[in-house]
Each structure stands twice: as structure tokens, then as C-alpha cells.
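J.: sequence first, then the predicted structure:
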Amino acid sequence: MMASWLVEDGHVWGHSTMDQLRVGEALVRLLKGWSLCDENDVCLKWPNDVYIRTGKGGMGKAGGVLFEAVSQGRKHRLVLGIGVNTKASYEGGFSGLAELGLNADAGALHSAVHAVVASLFESLIGVPSSRVDSVRIEAAVMHGFSTLGNPLYRGEELAVDGLDDGGALVLKGGEEAMDDPELLTWSIL
């Protein structure tokens, strides 16, 4: 299932890594709730991927979250894209919902994911906005590290202490934050 949503049209919106984490964490909660799987069978890989345990015992990428901003002069648009594999595929380190015993078709999955996105971003008069639960998001990221292993930076394992307000990784023993996932590799993936 692949789908996209226009989450901002016209205004400048301060998009950060935390937005991807927010959607990814909600997607992980949805999949865990649907499948009633073991806690370690689904996890969020910082900053935007969902991993599911494969039938072979390893973890495979089953989905992802991506924001794309487009600006033309004073017009700004922000699009959220979500992809989730419904079928299992052992090729190239991928997994899917079938690994969790879920035989959801793309339409049912889209409806559920749409409800999640609406709960996070839709603004209705008289309804309080959804706030960012940074404690829950940070716990999901740390759970991903415990399941997938700590990331490597220049061949050295990173010791992560948590997240900053924008969703960047706060490293232990320093005041540095890591915000570029392209600089990281994962030891068990």
C-alpha cells in the first residue's frame, strides 16, 4: 500500500525529523494493535522506517514514512507519503504484514492509515489538536535500537541517549546531535 496526503498547502510549515518519527511511531502502534504480535516483532528504525520480524527470525523493512516539501515563490506544499508492504518478501531484506499473520488488503490498510494521519494532522474547529508525545516517540526509537542494534557512524557504534526536540539523535557523552540518517549504517541489517 502506498498513499500520500497533502498536510500543508500555502503556509510555511517547520517540518522536522520529529514529524517522520511521529507518523512512524503511530504506524508501529497501529500494526502492533492489529496483529497483537510480540513487542519485538515490529519496530521503528530512526528516523522513518518500519521493520517487521521475518519468518527466518531477522528483521525486514516493511514500510516507511517520507515528507516532501515543494515551494514555488510564496506557495508552499508539504506532502506526506507512507508505504507499507502487505505481502512478505525475503528478497533484499524486506518484510510485510503477512509476517504478522495479517491478511489485510491495501484498501483496509489505507483506511486505517488514513485515520491515523487524520488524527495527527487534521485541524477541526472545536476539536483539540493532537500534540506530539515526545516521550512515547523517544521510547519507540530506543526500542528500535534495542531490536535492531545501535547504528554505526564511521564504523563506530553510536551510543544514543535520546532525541532532541526536532527528532535528532542525542549522543551520550556529548552535546552533539545526529540528524543525518545517510551517515549511519546498521550493524544487523
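T.: Great, that's in hand. Numbering: from 1, shown residues only.

J.: packing partners for the helix or strand hosting M142?
T.: Assessed by DSSP states H and E, M142 sits inside helix 134-148. Here helix 134-148 touches helix 17-35, strand 42-45, strand 49-53, strand 160-163, going by 3 or more CB pairs under 8 Å, 6 or more residues apart in numbering; DSSP states H and E. For the C-beta atoms, the positions are set from N, CA and C on the backbone; glycine is no exception.

J.: of all the ones you listed, which lies closest to V70?
T.: V70 sits nearest to helix 17-35 of all the helices and strands packed on helix 134-148, at 15.6 Å, using CB to CB.

J.: give the buried residues for that closest one.
T.: The neighbour-count check on helix 17-35 (16 or more other CB atoms under 10 Å) flags 17-28, 30-32, 34-35 as buried.

J.: quick one: average confidence on that helix?
T.: Averaging pLDDT along helix 17-35 gives 96.

J.: okay, now the unreliable bits of the protein?
T.: 12-13, 90, 129, 174, 189 (pLDDT under 70).

J.: at the geometric centre of it, which residue sits there?
T.: The residue lying closest to the centre of the chain (CA atoms, centre = their mean) is G24, at 2.4 Å.

J.: pretty sure that residue sits against V42.
T.: No - in this structure G24 lies outside contact range of V42 using CB atoms under 8 Å: 10.9 Å.

J.: shared neighbours of those two, anything?
T.: V50 (CB atoms under 8 Å, 6 or more residues apart in numbering).
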